[in-house]
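In: show me how the following folds:
(one chain, ligands or ions: 1)
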Amino acid sequence: PSSQTYEYLKVSTPRTGVALIELNRPKALNALFTPLITELNACAKQLDKDSSIGAIVLTGSPKAFAAGADIKEMAPKTFGDVYGNDFIESWNDLTLTKKPIISAVNGYALGGGCELAMMADIVYCSASANFGQPEIKLGVIPGAGGSQRLTKGIGKSRAMEMILTGDNLSGTKAGEWGLAAKVFEDAEKCVEGALDTAEKIAGYSRLAVKAAKEVVNKSQDLGIREGVEFERRVFHGLFGSQDQKIGMKAFAEKKKAEWTHE
Ligand code: CAA
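Out: Modelled structure (predicted):
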């Protein structure tokens, strides 16, 4: 992945099996606009196909994960433009990625930035991070899944308060409320922590990891009975893999599993 160059992303492989995507539009605090999102989607798609990669970390800068959708790009748009061209629909393509994505959120994660962070499978942040859905202050509402993902993430009353007031949520609070799985002291520790977790995940069977992400995500859409049935079918399916034999045999022999990802 590091061989490819992007204008608004820095992509590297700092750990075995782990790709790090850094949003890189510093002059606009990583405000999200179409060219950046197009690159991000292309990058995620490429990493999904790259057999050397097992997990992805998505981050911004210490000052801003992303300060939202680009307000200057949006300002002149009409209803016809945005509805007619399905503005923002493609942002959701990141959620089509099959490999796990951990967002490491430092600084501002506002509007579309908060929504992008929540599209990841796991959110980590630093204590001083600033989450928020300030769209109400601009005369609009969240448009990239915020009203849905935030409500599922922290509950209706808290999400409603954030979306109706536009007030920010600190990283510390995001951890207490379960929006973030872990909270770190500073930006560097947050990215390192995300890379540690990504490296751990990348060390497991790719098939099992893919299946695990798929079944957990189904819980967002299915009722409990169908969800549990779906999980069991996918669990059964993994018994057709070599990695299930390898993993269980290694346990019995007290050895480290050497996955074939087949
Ligand atoms: N869009 C476009 N440009 C942005 C931006 C955004 N969302 N956020 C910051 N920038 C730009 C600023 O315009 C500024 O550019 P110039 O130097 O050319 O003036 C540069 O980034 C630095 O920003 P500030 O000078 O404002 O930095 P600050 O430290 O004083 O303030 C901030 C930081 C509080 C995050 C402030 O920039 C801010 O409030 N940004 C807007 C946040 C926002 O409303 N986001 C929601 C957007 S709507 C949305 O996302 C819709 C959706 O659901 C998809």
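In: confirm Phe65 sits in a strand?
Out: Yes. Secondary structure of Phe65, determined by DSSP: H, G, I helix; E, B strand; the rest coil: located in a strand.
In: burial of it, as a residue count?
Out: Applying other CB atoms under 10 Å, we find 32 residues neighbouring Phe65. Yep, even glycine has a C-beta here, placed from its N, CA and C like the rest.
In: identify the residues contacting it.
Out: Contact partners of Phe65, counting by CB atoms under 8 Å, 6 or more residues apart in numbering, are 23, 30, 59, 103-109, 113, 116-117, 129.
In: and which of those is nearest to Gly153?
Out: Using CB to CB, Ala117 is the member of these that lies nearest Gly153, at 10.2 Å.
In: excluding its backbone neighbours, what's nearest the closest one?
Out: Nearest-residue entry for Ala117: Ser103, 4.4 Å, with adjacent residues in sequence omitted and distances by CB to CB, 6 or more residues apart in numbering.
In: pretty sure that neighbour contacts Ile122?
Out: Yes. Between Ser103 and Ile122 a contact is recorded at 7.4 Å, counting by CB atoms under 8 Å.
In: all helices of the chain, in order?
Out: When secondary structure is read from DSSP state H, the chain shows helices at 34-49, 71-74, 79-84, 112-119, 146-154, 156-165, 171-176, 187-202, 206-218, 224-238, 242-252.
In: who's in contact with the residue nearest to Ala117?
Out: With contact set as CB under 8 Å, 6+ apart, Ser103 has these partners: 57-59, 65, 116-120, 122-124, 194.
In: mind putting those residues into CSV with pLDDT and distance to the ligand?
Out: Written out in CSV, the entries for these read as follows (pLDDT from 0 to 100; distance: CB to the nearest ligand atom, whole Å):
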residue, pLDDT, distance to the ligand
Val57, 98, 22
Leu58, 98, 16
Thr59, 98, 17
Phe65, 98, 10
Leu116, 98, 9
Ala117, 98, 12
Met118, 98, 11
Met119, 98, 12
Ala120, 98, 16
Ile122, 98, 21
Val123, 98, 17
Tyr124, 99, 20
Ala194, 98, 22
